[in-house]
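> A predicted structure for the sequence below; I have some questions about it.
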Amino acid sequence: MDSKTEASITIDVPITREDPDTLGNIVKAGLLANPRTLPSKLFYDERGSTLFEQICELPEYYQTRTEHQLLVTWADEIVALSGAEELVELGSGAATKTRVLLDAMAQAEQLRYFVPFDVDETIVRRVSEELVNEYPGLQIHGVAGDFLVHLEHIPEGGQRLVVILGGTIGNLPAIAAEDFLTSVNTEMASGDFFLLGVQLITNPERLEAAYNDQKGITAKFNKNILRVLQTQLGAQCNPDNFDHVARYNPDAHRIEMWLRSAQDQTINIPSLDLSVPLKKGEEIRTELSAKFDRPLAENLLITSGFELVKWYTDSEQLISLALARKP
Ligand SMILES: C[S@@+](CC[C@H](N)C(=O)[O-])C[C@H]1O[C@@H](n2cnc3c(N)ncnc32)[C@H](O)[C@@H]1O
């Protein structure tokens, strides 16, 4: 087992055991599909995680500061209702907003254990080092893994609060989101709590502006998926030969990010024996970011085995935190 224990930090790295063929098959199937797609988890190497942290600071990206403010307002109540001693965060990234929950748990003298779980090993290690210093006595069990594959690596614990923030659930197609939350539910004990952050359907101009920032950081983040394709699968392609596109799809109530080929070109991935010729203007879809209303989110939670306990939202109805419980 690729586990290292240092003081009160344990990092489990199941991602290194991911069969390269599995990733290769997903990439191959996606690039040959209509429309062409790439899996959005490939955004997140160290550079991608840093770019996402920069996106969270952008004036156009209202999502992070709104969700943060909701947590500031409701963390004490969430912690009291859940009675949790262990916080598990799936897609934890920089865990910036998570500190609001950790503070509330510490304040309530309930904080024992934190499980940051992310596909980017560098950020799991960084966050674990930071938090073990910020919260004396905190036990950290980081998991650098794919939450669609490695959920069984979440350690057994006491009363738990599992959280998914940052609109991460919206990055999965609806069926996959339900399957994923059902698996999360299966890993939880009866009486454990679940906090799901969802981005709400709002006016398309505001949504599109959030993904087309003036500084071009989201464009860099989008193109980073090709850099990760280069490092992980040896793809031969030039990210500069693509344009960033983000547009709202009102029928599916989601933002879609695409990479549009700026010229006729070919992506070659010799390790997959794959050649993908692209015409100028042809697009590859790199991310979905589904937006919800209350019935959509509640239905997702119920079909995944949860019961809704509280629905928190901001005055502009941009973001909601759904607090749920495994019956
Ligand atoms: C939209 S960001 C949210 C980050 C953070 N939770 C926040 O609220 O700002 C999505 C996070 O999920 C992680 N992620 C994406 N796909 C993943 C997967 N399949 N398994 C584990 N982590 C994943 C990314 O590395 C990234 O840190």
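Happy to help now that I have it. Everything quoted here is computed from the prediction, not taken from an experiment.
> how about the contacts made by residue 186?
residue 305 (Cβ atoms under 8 Å, 6 or more residues apart in numbering). To be clear about C-beta, it is placed using only N, CA and C from the backbone, and glycine gets the same treatment.
> surely it forms part of a strand?
No - counting by DSSP: H, G, I helix; E, B strand; the rest coil, residue 186 falls outside a strand, being helix.
> how much space is there between it and residue 306?
Between residue 186 and residue 306 the computed distance is 12 Å (Cβ to Cβ, to the nearest Å).
> next: residue 142.
Distance, residue 142 to residue 306, using Cβ to Cβ: 25 Å.
> which other residues reach stretch 313-322?
By Cβ under 8 Å, 6+ apart, the residues outside stretch 313-322 that reach it are 62-63, 66-67, 69-71, 74, 78, 195-200, 202, 292, 294, 297-298, 301, 308, 310-312.
> report the secondary structure state of residue 92.
coil.
> which residue sits closest to it, ignoring its sequence neighbours?
Leaving aside its sequence neighbours, residue 92 sits nearest to residue 116 (Cβ to Cβ, 6 or more residues apart in numbering; 3.9 Å).
> so that neighbour touches residue 91, yeah?
No - if you go by Cβ atoms under 8 Å, residue 116 and residue 91 don't touch, sitting 9.5 Å apart.
> looking only at neighbour counts, state which of those two leads.
residue 116 (27 against 20; other Cβ atoms under 10 Å).
> what secondary structure does that one sit in?
Looking at residue 116 with three-state DSSP, the answer is strand.
> what residues are up against it?
Residue 116 is in contact with 89, 92, 95, 98, 124, 127, 128, 131, 140, 142, 143, counting by Cβ under 8 Å, 6+ apart.
> count the neighbours of the residue of the chain found nearest the ligand for me.
Nearest to the ligand in the chain, going by Cβ to the nearest ligand atom, is residue 166, at a distance of 2.3 Å. When neighbours are defined as other Cβ under 10 Å, residue 166 has 22 of them.
> hang on, isn't it packed against residue 61?
No - under the criterion of Cβ under 8 Å, residue 166 makes no contact with residue 61, lying 10.6 Å away.
> would you double-check that residue 315 falls in a strand?
No - if the criterion is three-state DSSP, then residue 315 is coil and not within a strand.
> what about it, how many residues close to it?
Neighbours around residue 315, by other Cβ under 10 Å: 7.
> pop out the phi and psi values for it.
Taking degrees, to the nearest 10, you get phi -70, psi -30 for the backbone angles of residue 315.
> helices and strands around the longest helix along the chain, which ones?
Looking across the chain with DSSP state H, the single longest helix is helix 62-82. Judged by 3 or more Cβ pairs under 8 Å, 6 or more residues apart in numbering; DSSP states H and E, the packing partners of helix 62-82 are helix 98-107, strand 160-164, strand 193-199, helix 204-210, strand 307-313, strand 319-325.
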